[in-house]
Structures are given as C-alpha cells and as structure tokens.
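In: any chance you can model this:
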Amino acid sequence: MFQEAIQNYLHSHHYSRIDLKAVLFDMDGVLFDSMKNHAVAWQEAMKQYGMHMTREEAYLHEGRTGAGTINIISQRERGHQANEQEIKEIYKTKSDIFNALSKAEPMEGAYEVLRKIKDEGIIPVIVTGSGQLSLLDKLNHYFPQIFKKELMVTAFDVKYGKPNPEPYLMALQKAHINACEAIVVENAPLGVRAGVAAGIFTVALNTGPLPDKALLDEGADLLFPSMQAFNESWDTLYQTFKNCHAG
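Out: Numbers count the residues shown, from 1 in each chain. Purely as a prediction, here's the structure:
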C-alpha cells in the first residue's frame, strides 16, 4: 500500500524518489488531542456574538487563521465580514474559553514517533495556524529536545494560512529542503489541501469526526486512523521511502 502511494506521488510530480530529510507536523489534532476543545470554544464564542457554528464545522475550518474563520462565519450569518476590532474581541473570547477548558493531552504515539524520526537524523518541523505565544514551552514540556524555535511556522510567520500552501512552503525554506525531501502529517482537510498544494507527500491522520473521504478528497497520499497507527507503521513507511524509486 505504501509503495503504491509513493509511486503515484513520484510519477505525478516527476521525481525519482523521496529523499526524506524532514517531517512537517501540524499540531492540533496531530500532536495534541486538542481539536475537541477548539470546537467547543469556537461554537461558544460564536454563540456569544449571535452567530451559529456547529462543533463539526470547526474541524472543516481547522488550519485557517482565526480571522479567516471569523470572517467566513460572519459573512454567512450576518451578511458581512467582521471589522478588525470585532475579530480581536471574538478571537479573544474564543481563546479565553479554550484556555479555561481542561488541557489537551498529547496524542498517543506522538512522542514515540517523534523520537524515532529524530533518531534517524530527520528534522521535525511544526507548521501550525496557532498563535500561542508559549508554543515552544508547551512543545518542550511534552516533547523534550524535539523541536527548535527556528524550525516552527506559526500564525505569526505567514500572511496566508492554510489552505494556502504558504505555511508549508515556508517550512521547506526554514529547513533548507525541497518538496521531495519532506512529508506533511495533517489531520484537517484544509491542512491536507495546503500540503498537497505545496507539492509535498501528505499523510492524513483522521483524528476527528469527519469521514475519511473529507481528507482523501483533498488529495492525501496516505491515511491513518490515528497517530498511534502512524507510529506503529513508521518503520515500514520509512524503509519504503528509502527503497522506493520511480519505475
């Protein structure tokens, strides 16, 4: 299964092989089981401002900047986009609700696969739409000695969030590599779309309530049902990357 997916990617992009040097990880829903809290916070915040948003819809918007999500809902619910002050207020309300919820735990299998990747000399890179100022502290607490500040792409780095490919293209720049030297690990349809648009082999983890089709339709090259499943398959997948060449 892995070999076929890799061969299809190589043929469609006219590469001879994937020379894996970095793995580009989304954060919420990939490394942390945090999307449930984000969904609750978005629904409650929108409700406080007289707008309707289901929890499942939060998964569809996952990866966008906060302003992007607010404007899509505002346009639909009120017929106009939110102004800058409203965006700040709504996003602060959402953040306050999120921060008051119980802290999200790391995904089962996340630290194990990160250690395997690091031990192979492969660079782990964070590519998140989050703008948490304490992001590196949080990552270092749960995943010690894995991530470096200069190898992170956050909301502060980009002009365009996912599904625009800019975050993943910037990650390639920061790691000083080409698209055929990385893979993306994502759980959100918009994140998958961004990885695919950047020309990178994209692995989807379906850790939320959306059907597999929502991720596969965006062009995911491989799909796993959980981070633990990805961790358990890592050694086989990595060997396949090393041995698979365009036929």
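In: the strands in this structure, which residues?
Out: Counting by DSSP state E, residue ranges of the strands within the chain are 22-25, 123-127, 152-153, 182-186, 201-205, 222-224.
In: so what pLDDT did Gly247 get?
Out: Here, the pLDDT recorded for Gly247 equals 68.
In: wait, Ala82
Out: 96.
In: for it, grab the count of nearby residues.
Out: Using other C-beta atoms under 10 Å, Ala82 has 20 neighbouring residues. The way it works is simple: take the backbone N, C-alpha and C, and place the C-beta from them, glycine included.
In: who's in contact with it?
Out: Ala67, Ile70, Asn71, Ser74, Ile90 (C-beta atoms under 8 Å, 6 or more residues apart in numbering).
In: apply 7 Å and report the result again.
Out: Ile70, Asn71, Ser74, Ile90 (C-beta atoms under 7 Å, 6 or more residues apart in numbering).
In: if you rank every helix and strand of the chain by mean pLDDT, what lands last?
Out: helix 135-142 (a mean of 89; mean pLDDT, DSSP states H and E).
In: other residues contacting that one?
Out: Contacts of helix 135-142 (C-beta under 7 Å, 6+ apart): Pro106, Ile126, Gln132, Phe147, Lys149, Met152, Thr154.
In: ChimeraX command to pick out the buried ones of the residues you listed?
Out: In ChimeraX, a selection of the buried entries from the contacts of helix 135-142 looks like this (16 or more other C-beta atoms under 10 Å):
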select :106,126,132,147,152,154
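In: pLDDT check: weakest of the contacts of helix 135-142?
Out: Gln132 (70).
In: any idea how far Glu84 is from that one?
Out: For Gln132, the distance to Glu84 equals 21 Å [C-beta to C-beta, to the nearest Å].
In: tell me where this protein has helices.
Out: Ranges of helices within the chain are 2-13, 35-48, 55-61, 66-78, 84-100, 110-119, 135-142, 166-175, 189-197, 212-216, 227-243, based on DSSP state H.
In: could you tell me the angle between the least confident helix or strand of the chain and strand 123-127?
Out: Counting by axes from the mean of the first three to the mean of the last three C-alpha atoms, to 10 degrees, helix 135-142 lies at 130 degrees to strand 123-127.
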